[in-house]
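# next one to model:
(4 chains)
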Protein chains: 2
Amino acid sequence: MSTEATATSPAPSNNACPANTPHGEAWGALSRTHAAVSQRLQEALAQGDFPPLPWYEVLAAVAEAPEQRMRMGDLAEALVITRGGLTKLVDRLVKAGLLERTFCEADRRVSYATLLPAGSSLLAEMRPVIVGELEIAFSANLSVEQANELRETLDGVRTTACSGVA
Amino acid sequence: MSTEATATSPAPSNNACPANTPHGEAWGALSRTHAAVSQRLQEALAQGDFPPLPWYEVLAAVAEAPEQRMRMGDLAEALVITRGGLTKLVDRLVKAGLLERTFCEADRRVSYATLLPAGSSLLAEMRPVIVGELEIAFSANLSVEQANELRETLDGVRTTACSGVA
DNA sequence: AAGAGAAGCTTGTAGATACAACTATTGTCT
DNA sequence: AGACAATAGTTGTATCTACAAGCTTCTCTT
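Below is the predicted model of the structure:
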């Protein structure tokens, strides 16, 4: 903590060191890059009359899961959103006929989000759009190896942030 | 779980390649990491009775700017949010006495978001919280050099994504 | 086996963001 | 000059997300 000198003074302009720590800069870049890429993806989807990005993320996650279904809780954790938020998000996909709610015999509390054929085929239509945009954004700056390194690095940070000992 | 059984169908289950391209994986990691770290920061701020993260980002951006003021448009671009969204965000900070709207003599259309002393001192209180959390999340995984590399990599991606030739 | 407590999901409510339409000022072309 | 287009911000509306409270169902004692 080298932060001192909070100075109550209306200090004209110095202020000098806002967040200029290397990790702070890295976070800033991470945050802005996420926003920029996310925006670009949303734009591309909207242009093709496709549903918004969160829908794609749900479909992609469920499609990868065994038997193409996931417990609501696991899905919320995978997408890093709240359970309440996911309930309503899945509601919309169900209403659109892309997903189906199924239940667990062994444990009546849990409900699954299960992929329907319509969801599967919509996913197949959306994927090229997403992949294409990502290629544009990433491949100009990163080799495949570098992309893998980046993924590992970020996963490490995420793990620490989640399990992080406050 | 994950036992087969229900297999009923010749399971087109494979689906083969959901987003399993290296760049797709990198994007997934980026997205989830952003969400996780962001969530952690919000949590830390809330715990200290501080305003939400976007307030910090506005204050930090304005504090770094010359004369501690920024044009609304530039600020929106820096934070990668829409102009309309920024107007209302700044409204809240103004109402809280942290920012002030000032105007430009030369061009009557532009308005500045200008940092007030209260904003400056709140920023000074928030910064250690943010920096501390970021250190926890990042320093366990990244050296200073690696953090700089990461920043450069991400900035490159962001630039491509923004100016990207659709 | 019965009750306290935890786990899993949903609902009600409030706050925040994006999108599109609108006003006001500036720049440009004839 | 005068009109048309472009730029800078704001406002109105709809949607989405988080937060907290609530309802089942399961688990673990005793």
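
# near DNA strand D at all, stretch A:44-61?
Yes: applying CB under 7 Å from any atom of the strand, one finds stretch A:44-61 touching DNA strand D at A:Pro52, A:Pro54. Bear in mind the C-beta positions are built from the backbone N, C-alpha and C, glycine included.

# list the buried ones in stretch A:151-166?
Across stretch A:151-166, burial judged by 16 or more other CB atoms under 10 Å in any protein chain shown covers A:Arg151, A:Thr153, A:Leu154, A:Asp155, A:Gly156, A:Val157, A:Arg158, A:Thr160, A:Ala161, A:Cys162, A:Gly164.

# also stretch A:58-74?
A:58-63, A:65, A:67-72.

# quick check: residues of chain A near DNA strand D?
Going by CB under 7 Å from any atom of the strand, the residues of chain A near DNA strand D are A:52, A:54, A:81-85, A:88-89, A:92, A:106-109.

# most neighbours among those, please name it.
Taking other CB atoms under 10 Å in any protein chain shown as the neighbour criterion, A:Leu89 ranks highest of those with 21 neighbours.

# just to revisit the earlier point, which of the buried residues of stretch A:58-74 fall in strands?
Per DSSP state E, strands hold the following members of those: A:Arg69, A:Met70, A:Arg71.

# look up which residues are beta-bridged to the second one.
I take that to be A:Met70. A:Ala113 (DSSP bridges).

# that one touches A:Val62, doesn't it?
Yes: counting by CB atoms under 8 Å, A:Val62 is a contact partner of A:Met70 at 5.3 Å.

# got any residues that touch both of these two?
A:Ala113 (CB atoms under 8 Å, 6 or more residues apart in numbering or on different chains).

# which helix runs longest in chain A?
Identified as the longest helix of chain A according to DSSP state H is helix A:22-47.

# wondering if that helix reaches DNA strand C at all.
Yes: counting by CB under 7 Å from any atom of the strand, DNA strand C is contacted by helix A:22-47 at A:Gln42, A:Glu43, A:Ala46.

# pLDDT weak spots in chain A?
Counting by pLDDT under 70, chain A shows low-confidence ranges at A:1-19, A:164-166.

# enumerate the residues of it near DNA strand C.
A:42-43, A:46, A:71-74, A:83-84, A:86-88, A:90-91, A:101, A:107, A:109-112.

# now do 10 Å
By CB under 10 Å from any atom of the strand, the part of chain A that sits against DNA strand C consists of A:35, A:38-39, A:42-43, A:45-46, A:52-53, A:70-77, A:82-91, A:94, A:101, A:103-104, A:107-113.

# all helices for chain A, in order.
Using DSSP H, helices in chain A cover A:22-47, A:53-64, A:72-79, A:83-95, A:117-134, A:144-163.

# any chance of those in TSV, plus distance to chain B?
Shown next, in TSV, are the helices of chain A (distance: least, CB to the nearest CB, whole Å):
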stretch	distance to chain B
helix A:22-47	4
helix A:53-64	5
helix A:72-79	8
helix A:83-95	11
helix A:117-134	5
helix A:144-163	4
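
# which residue is nearest the middle of chain A?
By CA atoms, centre = their mean, chain A has its centre lying nearest to A:Leu79, at 5.7 Å.

# contacts only, for that residue.
A:Pro54, A:Glu57, A:Val58, A:Ala61, A:Leu86, B:Arg32, B:Ala35.

# how much space separates it from B:Ser143?
A:Leu79 sits 30 Å away from B:Ser143, taking CB to CB, to the nearest Å as the criterion.

# one more: A:Glu57?
For A:Glu57 relative to B:Ser143 (CB to CB), the value is 31 Å.

# over to A:Arg101?
A:Arg101 is 46 Å from B:Ser143, by CB to CB.

# count of neighbours near A:Ser143?
11.

# follow-up on the earlier one: closest one of the contacts of A:Leu79 to DNA strand D?
Of all the contacts of A:Leu79, DNA strand D sits closest to A:Pro54, with 4.1 Å by CB to the nearest atom of the strand.

# the closest one contacts A:Leu89, doesn't it?
Yes: the pair A:Pro54 / A:Leu89 is scored as a contact, 6.1 Å apart, by CB under 8 Å.

# quick one: contacts for A:Glu133?
So A:Glu133 contacts A:Arg40, A:Leu41, A:Ala44 (CB under 8 Å, 6+ apart).

# among these, who's most crowded?
A:Leu41 (22 neighbours).

# so it sits against A:Pro52, correct?
No: if you go by CB under 8 Å, A:Leu41 and A:Pro52 don't touch, sitting 9.5 Å apart.

# so what sits against both of those two?
Between them, A:Leu41 and A:Pro52 share no contacting residue, judged by CB under 8 Å, 6+ apart.

# OK, contacts around A:Ala76?
So A:Ala76 contacts A:Thr82, A:Arg83, A:Gly85, A:Leu86 (CB under 8 Å, 6+ apart).

# repeat that for 6 Å
Shown in contact with A:Ala76 (CB atoms under 6 Å, 6 or more residues apart in numbering or on different chains): A:Arg83, A:Leu86.
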